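Asker: just need the structure, nothing else, for what follows:
(chains A, B, C and D)
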4 protein chains.
Amino acid sequence: MRDVVEIGKGKSARRGFELSEVSLVPSRRTRDVDDVSTAWQLDAYQFGIPCVAHPSDATMSPESAIELSRQGGLGVLNAEGLWCRYEDPTPVLAELAGLSDDAATARLQEVYAEPIKPSLITERVKQMRDAGATVSVRVSPQHTIALSPVVLDAGVDVLVIQGTLVSAEHVSTGDEPLNLKEFIADLDLPVVVGGCTNYTTALHLMRTGAAGVIVGVGADLWSTTGDVLGISVPMASAIADAAAARRDYLDETGGRYVHLIADGDIESSGDIAKAVACGADAVMLGGVLAEAAEAPAGGAWWHSAASHPKLPRGMYRPAEEDRDAVSMETLLHGPSHEPYGNHNLFGGLRRSMAKCGYSNLKEFQKVELTVS
Amino acid sequence: MRDVVEIGKGKSARRGFELSEVSLVPSRRTRDVDDVSTAWQLDAYQFGIPCVAHPSDATMSPESAIELSRQGGLGVLNAEGLWCRYEDPTPVLAELAGLSDDAATARLQEVYAEPIKPSLITERVKQMRDAGATVSVRVSPQHTIALSPVVLDAGVDVLVIQGTLVSAEHVSTGDEPLNLKEFIADLDLPVVVGGCTNYTTALHLMRTGAAGVIVGVGADLWSTTGDVLGISVPMASAIADAAAARRDYLDETGGRYVHLIADGDIESSGDIAKAVACGADAVMLGGVLAEAAEAPAGGAWWHSAASHPKLPRGMYRPAEEDRDAVSMETLLHGPSHEPYGNHNLFGGLRRSMAKCGYSNLKEFQKVELTVS
Amino acid sequence: MRDVVEIGKGKSARRGFELSEVSLVPSRRTRDVDDVSTAWQLDAYQFGIPCVAHPSDATMSPESAIELSRQGGLGVLNAEGLWCRYEDPTPVLAELAGLSDDAATARLQEVYAEPIKPSLITERVKQMRDAGATVSVRVSPQHTIALSPVVLDAGVDVLVIQGTLVSAEHVSTGDEPLNLKEFIADLDLPVVVGGCTNYTTALHLMRTGAAGVIVGVGADLWSTTGDVLGISVPMASAIADAAAARRDYLDETGGRYVHLIADGDIESSGDIAKAVACGADAVMLGGVLAEAAEAPAGGAWWHSAASHPKLPRGMYRPAEEDRDAVSMETLLHGPSHEPYGNHNLFGGLRRSMAKCGYSNLKEFQKVELTVS
Amino acid sequence: MRDVVEIGKGKSARRGFELSEVSLVPSRRTRDVDDVSTAWQLDAYQFGIPCVAHPSDATMSPESAIELSRQGGLGVLNAEGLWCRYEDPTPVLAELAGLSDDAATARLQEVYAEPIKPSLITERVKQMRDAGATVSVRVSPQHTIALSPVVLDAGVDVLVIQGTLVSAEHVSTGDEPLNLKEFIADLDLPVVVGGCTNYTTALHLMRTGAAGVIVGVGADLWSTTGDVLGISVPMASAIADAAAARRDYLDETGGRYVHLIADGDIESSGDIAKAVACGADAVMLGGVLAEAAEAPAGGAWWHSAASHPKLPRGMYRPAEEDRDAVSMETLLHGPSHEPYGNHNLFGGLRRSMAKCGYSNLKEFQKVELTVS
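Answerer: I've put the predicted structure just below:
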């Protein structure tokens, strides 16, 4: 039953499936939409919807993170983003909102050359705390040791350590690398780490003590990780494999449940439903969330990796012309006046669960799939 | 032989096939076209062609339902459509015939906000009865309890209970849900129910006592059910699975034959032939029938779900510009002056059966298939 | 190893492969191009290239059939085409050469409504005989009984009985159908029959005593047989299956070799090589041959079925604008100044054989394949 | 596990995979980019990057070969190209840089009709030697006997014998064919031969004593070998099969390691990573290298086979309009200001290795793959 194919004599590969290749198969029951719950809980924090923001400057400002918190999701501010590099990043964001495709990469590289200012991290966190939001900040593995004291002192609720690919075992002949397990053991707040792409890495990340593991590299239509690194993640398979690691880790620890947050190829309510069906506990929204009226870059979208100084790995997506952006509330909870599944994202998830006959997210992970 | 693939460790999926992926394999015989019959019978009602209208305002008015009956098929008027919401829906339909893509969804939502008028249902049914048509009306599962007394009193021949997805076991903590089995047992007319997408749901729907089960969710190029709900139905597999349920139910009841009506991805005579080859007894025609000269919306097409007030799930297809629409007779029986298989739909089916060597629909369900 | 998939419970289908899905795998040898032979022999007739014309008015006039014979192939005039309906078809062909897409189908239907004139068949055959060509004429199975006396009296060398799909067992409740086996037994010239699409039909056609069997329905990009009838032929599989029938028939008759002529999806020298690799002895060229300077319709192309009076099954392909047509000689033997494999068709075949290490067609049928 | 499918009864084919179908799966480790080595060694020659130039006039002049050597790769000048046909090919190259698509093939055929001048080979080699480059020259198998004395006398370091498809066993009834094994045995410099497409041919080429074997036929988007010859090479499978031949030859010789150079479908750093992952020791760069500022044809690109006098097998790619070409250094080593993986090619490889957790090329050949 395992789909392993021979590429050539002695070289095999596992067949991987994209979310776009799978489809839900309704059970023999249906349910009322109003009987369905999309609630999610990470450590002590409760959320009405299983929605985490991809920590990008195109999705998250302190204000939009606060608004996402109000709408039931988890906002994540990038501690290495523009809000923590510039005292007032709004002129920069205004410029980035209107770049032309040609010049975009070079300009992103320049803008992100500005150094990170720890004091700004403190300030941004305070703003979010004061507004009553569940506060989450992202740092990269490379900068975790340097930035985490500032971040933790500022008082975050959830720490996100995220790079394109993070392993529990970083090998370096130079500086002492971050030991995730020791680092997390010393903290008393929940940590989310990732991304990762397979069973083994997911399991090892779970063993670091993380409360959540990010599955996927955040790839979407504008990502070029596949072209640049040869690494494309078939998300349906990656999520399902990580879910198996979650089960095995649950067994080996006698009951520690690590949450999986799917990050990649999620553009519609149907994609959210499929990600949960494959085993995700929550989803990370990037480009689709960048289209909210509250998003800081006016509808434009780029990956963090798109600004890498030597090896950029993402395209700049300009905002739609003459766009009539909907509020984050409409984007997440509707009503929608578009038939494409990009508005009323969690109303769509709820209806999908109802039509398939499931009443909560954990049950919905058992829905059957078909591939085509 | 069963095509089950592993999405990830511990999560499998069945391979599903679209009608577009299968093709008929002629047998070693050929037949004269004139020796082939496309006759179909549902309960006491006989039809020259296995054609049921998708109950949409873009296909069915009382007049077009009457004409379809004359041409040998079964027209189905939507009791929750515009003809039962507006005394004179023709100005509304004239407007809907010419919407621009951008504004279409919002306008559909507005137009369908008008309440249903039970008296209009009675009036429309009377008009169809008086014309001598086999009268069929569609209600949604949600409104079946409320509307069916009116519908039945008005005197329909075949009742169609249709939603995107209907199960025999709707769970609700609020109102007492429709118990299909009890409801149907109390009636003395044939009931068609659906859609459904798999063996189990089809079997359970058969056990409600339905005379016919609709397979599929009516999806076509303009449907966005996949994007919004994550549910895409591979029609060839869905039909074949439901046909297996039909066989098993035939055995368990010692001879009760439930008819399968395929609803989705049927745009050409070749698609009709393939649907029958997979096991369908009849097909539901939506967008292709909306192009007939008699169709009420001037060639425009939209799904019922496209007007959902909060979560629309279908695109509006405008009519072709400068269209030179053919009559329903030509559409169904030819002659065709187009090579695309969209006119002379049942002449095409007949010729396909002849070339493959089969003389009636039931035999034709045995034709071999190839996939590519 | 057999690729049978389950479409749904109890309904299976065989996986079929297109020529475009297969590719040749060179052997460990290479050869000089000059050492390679593309010679082919059907009954007593020898040909320098395994090339048969698709008997269409867009490819074959008496003159172009004569030219094809000169170039080493077999021209086949359609006894039911325009040359046998009109005393002088050149004005009609000139008009057909310049149709617009919209009006094309209706105009083809009108033009082919003109009755067939037996005396013209006699005249056209005489013209080809007098020029020293190997003379071949095509009749449809429906008209074989009526037309064959005229055709045979006129003195053809090879009779081609061709319909979209021909079986050895045509069932009719009306007229006495053509009994191919008895018909062929009474003749003393080689007969080619087809098309067919699978092992069983091919084997039964071989048992009629045919010298050659046509595999495929002549489908190409302009064919709509799949849309209209639901029948699409995966040519690589169809040819390979018919080749198996050829082997089995060879065994059952103790040595009667029936030639397979592949008709469908052959647009380039690479396609010719692949058809032979799958087991074809020769190929039928349609649309690609219609582009020769000598072709009667100025580069336009249509299938016979495109003019069906009630159910047309093919699109009209207009000639390329400002075309600079090459001669049939260049088309078949080069030199080519285009890199697309559509000129120097049999020079391309020869080079393919040389690069793969084979010296004649029969050996080349053994070349290995890969699918992608 | 072997993916063999039945095309038709009695005719099977192996499933082949393209580089675009595979993706790398990171291991559970990550590494610092600075700890990763991309060093490669062929015989006594050491290279910083596993990069060999496709010996085309669009990539290699003596100057650009020298520059590639400086940048750590191996330049290969075509002894049968324009630099060895024209005393001063720069006006010809300037013209070729600006051809229009229509006229390109015919003009290439004319330009390459100019005879090869052995004295120019000597001159070009001297120029490269004098500049201190590792000197490599390509001859075709057909001209190896005639040209190799000149080439060897001129003093090359690495001889490349390359044709579209080269076998160790060329059969000819005319001239005595090149016996590669004897020819190589008489030389005391490393020889690279190819291309080849499968295990058997690769193994036989290894047995000729070659230091390196080229896998693939150099096909890319502009190649038409598939259309003309029916031969398309699924590169991932071809490389993996040749790697198996390398292992088997290593065993049969008790330790002779033959290097595999992948030639085809390599357009980005991700493709390079995948080629190594499948088993390549180095890659041949064609069209992507032709875009360097130093490339002789101003960014235009064509295959050698595109100029074949009778059967051209490649399209001419014009240079991008208004191009702002980057230097070969930037192309190979960055920094890149494009997100597409076409600049900083070997920086991308290095980062891919680091993210996947490998520190040198030989280890990286073991990285896991997924197919989609």
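Asker: tell me the buried residues in the helix or strand that residue A:145 is a member of?
Answerer: Taking DSSP states H and E as the criterion, residue A:145 maps to helix A:144-154. By 16 or more other CB atoms under 10 Å in any protein chain shown, the buried positions in helix A:144-154 come out as A:144, A:147, A:148, A:150, A:151, A:152, A:154. Where you see a C-beta, it was placed from the backbone N, CA and C, and this is true even at glycine.
Asker: so what pairs up with the nearest residue to the third one once chain neighbours are set aside in the strands?
Answerer: When you say that, I think you mean residue A:148. Once flanking residues are discounted, residue A:148 sits nearest to residue A:139: 6.3 Å by CB to CB, 6 or more residues apart in numbering or on different chains. Using DSSP bridges, the beta-bridge partners of residue A:139 come out as residue A:161.
Asker: where does the residue lying closest to residue A:68 once chain neighbours are set aside fall, phi/psi-wise?
Answerer: The shortest distance from residue A:68 to any non-neighbouring residue, by CB to CB, 6+ apart, is to residue A:75 (4.0 Å). Per-residue torsions, residue A:75: phi -80, psi 140 (degrees, to the nearest 10).
Asker: residue A:75 touches residue A:136, doesn't it?
Answerer: Yes - applying CB atoms under 8 Å as the test, residue A:75 and residue A:136 come out as touching, 6.6 Å apart.
Asker: flag every residue of the stretch 201-350 of chain A that's near chain D.
Answerer: A:201, A:204, A:224, A:226-234, A:237, A:306, A:309-315 (CB under 8 Å from any CB of the partner chain).
Asker: list the contacts for residue A:34?
Answerer: If you count contacts by CB atoms under 8 Å, 6 or more residues apart in numbering or on different chains, residue A:34 has them with B:173, B:174.
Asker: for residue A:366, which non-adjacent residue is closest in space?
Answerer: Using CB to CB, 6+ apart and skipping the chain neighbours, the partner closest in space to residue A:366 is residue A:358 (7.7 Å).
Asker: mind checking how far the residue nearest to residue A:68 is from chain C?
Answerer: Here residue A:75 is placed at a distance of 45 Å from chain C (CB to the nearest CB, to the nearest Å).
Asker: so who does that residue touch?
Answerer: With contacts defined as CB under 8 Å, 6+ apart, residue A:75 is in contact with A:53, A:60, A:64, A:65, A:66, A:67, A:68, A:69, A:128, A:133, A:134, A:136.
Asker: how does it look with 6 Å?
Answerer: A:53, A:60, A:65, A:68, A:69 (CB atoms under 6 Å, 6 or more residues apart in numbering or on different chains).
Asker: and the third one, helix, strand or coil?
Answerer: Counting by DSSP: H, G, I helix; E, B strand; the rest coil, the backbone at residue A:65 sits in helix.
Asker: my read is that it contacts residue A:77, right?
Answerer: Yes - assessed by CB atoms under 6 Å, residue A:65 is found in contact with residue A:77 at 5.4 Å.
Asker: from the residues of the stretch 201-350 of chain A next to chain D, which are also near chain B?
Answerer: The residues of those that also fall near chain B, by CB under 6 Å from any CB of the partner chain, are residue A:237.
Asker: restricted to buried residues, select the residues of the stretch 201-350 of chain A next to chain D in ChimeraX.
Answerer: ChimeraX command restricting these to the buried ones, with burial defined by 16+ other CB under 10 Å:
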select /A:201,204,224,226,227,228,229,230,231,232,233,234,237,306,310,311,312,313,314,315
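Asker: which of the residues of the stretch 201-350 of chain A next to chain D fall within helices?
Answerer: Cross-referencing those against helices under DSSP state H gives A:201, A:204, A:226, A:227, A:228, A:229, A:237.
Asker: and which of these is nearest residue C:36?
Answerer: Nearest to residue C:36 among these is residue A:227, at 41.1 Å by CB to CB.
Asker: confidence score at the closest one?
Answerer: If you check residue A:227, the pLDDT there is 97.
Asker: name the nearest residue to the residue of the stretch 51-200 of chain A found nearest chain B, ignoring sequence neighbours.
Answerer: Taking CB to the nearest CB, chain B has its nearest neighbour within the stretch 51-200 of chain A at residue A:199, 5.9 Å off. Take residue A:199 and drop its neighbours on the chain: the residue closest to it by CB to CB, 6+ apart is residue A:241, 4.2 Å away.
Asker: then residue A:138?
Answerer: Among residues not flanking residue A:138 along the chain, residue A:55 sits closest, at 3.7 Å (CB to CB, 6+ apart).
Asker: for the one you found, give its distance to residue A:195.
Answerer: To residue A:195, residue A:55 is 12 Å away according to CB to CB, to the nearest Å.
Asker: swap in residue A:133?
Answerer: 24 Å.
Asker: same deal with residue A:331?
Answerer: Remark: distance between residue A:331 and residue A:195 (CB to CB) = 23 Å.
Asker: do residue A:292 as well
Answerer: The span separating residue A:292 from residue A:195 equals 23 Å under the rule CB to CB.
Asker: same deal with residue A:187?
Answerer: With the distance defined as CB to CB, residue A:187 ends up 20 Å from residue A:195.
Asker: so for those two, which sits in the more crowded spot?
Answerer: Neighbour tally, residue A:187 and residue A:195, criterion other CB atoms under 10 Å in any protein chain shown: the higher count belongs to residue A:195, 27 against 12.
Asker: what sits closest to residue A:125 if chain neighbours are left out?
Answerer: Of all residues beyond its chain neighbours, the one nearest residue A:125 is residue A:154 (3.6 Å), with distances taken as CB to CB, 6+ apart.
Asker: correct me if wrong: the one you found contacts residue A:122.
Answerer: Yes - at 4.5 Å, residue A:154 and residue A:122 qualify as touching, with contact defined as CB under 6 Å.
Asker: so how far is residue B:199 from the residue nearest to residue A:366?
Answerer: Residue A:358 sits at a distance of 19 Å from residue B:199 (criterion: CB to CB).
Asker: check residue A:218 too.
Answerer: For residue A:218, the distance to residue B:199 - CB to CB - is 38 Å.
Asker: looking at the two, which is more packed in?
Answerer: residue A:218 (27 against 22).
Asker: secondary structure element for the more buried one?
Answerer: In this structure, residue A:218 sits in neither a helix nor a strand according to DSSP H and E.
Asker: got the contact list for the closest residue to residue A:71 other than its chain neighbours?
Answerer: Excluding its sequence neighbours, the residue lying closest to residue A:71 (CB to CB, 6+ apart) is residue A:332, at 5.1 Å. Residues counted as contacts of residue A:332 (CB under 6 Å, 6+ apart) are A:71, A:345, A:346.
Asker: please apply the same query to residue A:158.
Answerer: If you count contacts by CB under 6 Å, 6+ apart, then residue A:158 has A:136, A:190 around it.
Asker: next, give phi and psi for it.
Answerer: phi -130, psi 130.
Asker: all helices in the stretch 51-200 of chain A, in order from the N-terminus.
Answerer: Secondary structure of the stretch 51-200 of chain A (DSSP state H, counting those that start in this stretch): helices located at A:62-70, A:90-96, A:101-111, A:118-130, A:144-154, A:180-185, A:199-206.
Asker: mind putting these into CSV with distance to residue D:252 and mean pLDDT?
Answerer: Putting the helices of the stretch 51-200 of chain A into CSV (distance: least, CB to CB, whole Å; pLDDT from 0 to 100) gives the following:
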stretch, distance to residue D:252, mean pLDDT
helix A:62-70, 64, 98
helix A:90-96, 60, 96
helix A:101-111, 50, 92
helix A:118-130, 62, 98
helix A:144-154, 51, 95
helix A:180-185, 46, 95
helix A:199-206, 35, 97
